[in-house]
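Student: Predicted coordinates and the sequence they were generated for:
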Amino acid sequence: MDTQELTRRLLDRYGRTYADEAGITLRDQPAPLYQLLVLTVLCSIRIKAEIATAAARELRAAGLRTPRAMAGSGWQQRVDALGRAHYVRYDESTATALGEGADLVLERWRGDLRRLREEAGGDPAAVRELLQEVPRIGPVGAQIFCREVQQVWPQLRPYFDDRARETAAGLGLPHTPAGLAVLVPDGESARLAVALVRAGLAGDAAERLREG
């Protein structure tokens, strides 16, 4: 199988971003960027991705779509939304982290994460460092956010973290950001990065991709 066909199969089978799975229409605007940040917080513990994305949908359904709405919500309201998604065991601590994180985003970046990007000068390493000031987000969470947000923040492209590059190498694909970026049209690097991560988590991706 040539590289072009393998890339096509990767995108077809695994190329749905986590933001899309969570119902977030990602744009370079304050509300969807904040919703991606919330999803990142939810994904930053050891929990199944489908539960994290379901929790993000429940929080949005409860009207908690902006940092101001999140900061103005009650702790129990957040716990209840997480519970409806079966985001258990970590629901109380996560509800606290979401409230504290909303306060930080409002105070530090006036509710607009584009100001975080500006503060970082568009540098991916600086963006990751600033993201880790948000409660619950560590190095892995910062990578999740950057991997997804490159769809609307071209300054970060091409962003392929260690996990994506490791999977690419295992599949016989280029395993540098520049080498992977040429496999897809501009703006599609986020989908390829997520596809590689999902394929790596699947374990038997190589066999599935060979089957078509």
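Tutor: Done, it's in.
Student: Check residue 203 and give its pLDDT.
Tutor: Residue 203 is assigned 75 on the pLDDT scale.
Student: For it, the count of nearby residues, please.
Tutor: Neighbours of residue 203 under the rule other C-beta atoms under 10 Å: 9. For glycine as for every other residue, the C-beta is placed from the backbone atoms N, C-alpha and C.
Student: cool, residue 195 as well?
Tutor: Considering only other C-beta under 10 Å, residue 195 is surrounded by 26 other residues.
Student: Where does the prediction get shaky in the chain?
Tutor: Applying pLDDT under 70 to the chain flags the ranges 204-206, 212.
Student: Try it again at 90.
Tutor: Counting by pLDDT under 90, the chain contains low-confidence ranges at 1-2, 46, 88-90, 175, 186-187, 200-212.
Student: residue contacts, residue 66?
Tutor: Applying C-beta atoms under 8 Å, 6 or more residues apart in numbering to residue 66 gives the contacts 30, 31, 34, 111.
Student: do that again at 7 Å, thanks
Tutor: Going by C-beta atoms under 7 Å, 6 or more residues apart in numbering, residue 66 touches 31, 34, 111.
Student: List the buried residues for stretch 195-204?
Tutor: Judged by neighbour count using 16 or more other C-beta atoms under 10 Å, the buried positions of stretch 195-204 are 195, 196, 197, 198, 199, 200.
Student: Mind telling me the two of the residues you listed farthest from one another?
Tutor: By the measure C-beta to C-beta, 195 and 200 form the most distant pair in the buried residues of stretch 195-204, at 9.6 Å.
Student: ok, back up a step: which ones among the buried residues of stretch 195-204 lie within helices?
Tutor: Of these, the ones assigned to helices by DSSP state H are 195, 196, 197, 198, 199, 200.
Student: any idea which of those is closest to residue 135?
Tutor: Of all those, residue 197 has the smallest distance to residue 135: 23.6 Å, by C-beta to C-beta.
Student: Quick check: that closest one touching residue 165?
Tutor: No: Residue 197 lies out of contact with residue 165 (C-beta atoms under 7 Å); the separation is 10.2 Å.
Student: dump the residue contacts of the nearest residue to residue 34 once chain neighbours are set aside.
Tutor: Sequence neighbours aside, residue 67 is the residue nearest to residue 34 in space, at 5.4 Å (criterion: C-beta to C-beta, 6 or more residues apart in numbering). Counting by C-beta under 7 Å, 6+ apart, residue 67 touches 34, 102, 105, 106, 111.
Student: Let me see the ranges of the helices in the chain.
Tutor: Along the chain, counting by DSSP H, helices occupy 3-14, 18-21, 30-43, 49-61, 67-72, 75-84, 91-109, 114-119, 124-131, 139-149, 162-170, 177-181, 189-202, 205-211.
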